[in-house]
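Asks: sequence first, predicted model second:
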Amino acid sequence: EAGVAQSPRYKIIEKRQSVAFWCNPISGHATLYWYQQILGQGPKLLIQFQNNGVVDDSQLPKDRFSAERLKGVDSTLKIQPAKLEDSAVYLCASSLDGTSRVRQYFGPGTRLTVL
Amino acid sequence: DAKTTQPPSMDCAEGRAANLPCNHSTISGNEYVYWYRQIHSQGPQYIIHGLKNNETNEMASLIITEDRKSSTLILPHATLRDTAVYYCIVRVDAGGTSYGKLTFGQGTILTVHP
């Protein structure tokens, strides 16, 4: 089966610019997650969607980050404007549903460098 | 969710068993133990999970102590491709409507040597 797809794989921008990341989850997976992973740390959940509704965005910096999941399939994560501390790998994951025992499948991530 | 404690790094010789410990002394009755790993430049990968019984799959075995305050992930015959960061995560299972999230710590860097 095809895995979680993300693009681009790498992005370099200057601070105060905008950037967007795209994620295509595994077909049929209702739940989609965006994580931020800063170098040397474990991934941190930014936002979780169940179909096209948000169920957890408590750690999303809403003044600059936004995310949407149109039609309950693909998702985009946007940063506007970017700061130096946003340099990180942004991981997308999906699962069949949001119940606790269901494993999450991760994409390869997008490495963002903010100069 | 309960907090977990893992050693920052471990070494293992290729072909030998790798035993990765995890302490979760504040675990509650409805919390599962999950293990994920992250190979360099890849996203995390699910390995195994369990509640109180020992579990085994094609990748690894999970041994949970009787009091559930600690667990050990065992890779029976480690290979160079098992070099990765291993995350032990305790996660609430509140039933069919739970949206339990994974809270990653810093994990254990396992290095498998030739």
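Replies: That came in fine, so what should we check first? Residues are numbered from 1 along each chain as shown, chains lettered A, B, ... in the order given.

Asks: so which bits of chain A are right by chain B?
Replies: Contact residues, chain A versus chain B (C-beta under 8 Å from any C-beta of the partner chain): A:4, A:31, A:33, A:40-45, A:48, A:50, A:55-56, A:91, A:93, A:98-101, A:103-109. Where C-beta positions appear, they are placed from N, C-alpha and C, glycine not excepted.

Asks: hmm, 6 Å instead?
Replies: A:42-43, A:45, A:55, A:91, A:98-101, A:103, A:106-109 (C-beta under 6 Å from any C-beta of the partner chain).

Asks: those residues in helices, which ones?
Replies: Using DSSP state H, no member of these falls within helices.

Asks: buried among these? Need that as a selection in PyMOL.
Replies: Of these, the buried ones go into a single PyMOL selection, burial set by 16 or more other C-beta atoms under 10 Å in any protein chain shown:
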select buried, chain A and resi 42+43+45+91+98+99+100+101+103+106+107+108+109
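
Asks: alpha carbons of the lowest-mean-pLDDT helix or strand in chain A, as PDB, please.
Replies: Ranked by mean pLDDT, DSSP states H and E, the weakest helix or strand in chain A is strand A:53-56, scoring a mean of 90. C-alpha atoms of strand A:53-56 as PDB (Å, rounded to 0.1, in the frame of the first residue of the first chain):
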ATOM      1  CA  GLY A  53     -12.700  18.700  11.400                       C
ATOM      2  CA  VAL A  54     -10.100  19.700  14.000                       C
ATOM      3  CA  VAL A  55     -10.100  17.700  17.200                       C
ATOM      4  CA  ASP A  56      -6.800  19.000  18.700                       C
END
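
Asks: just give me the least confident of the residues of chain A next to chain B.
Replies: Taking the residues of chain A next to chain B together, the minimum pLDDT is found at A:S100 (63).
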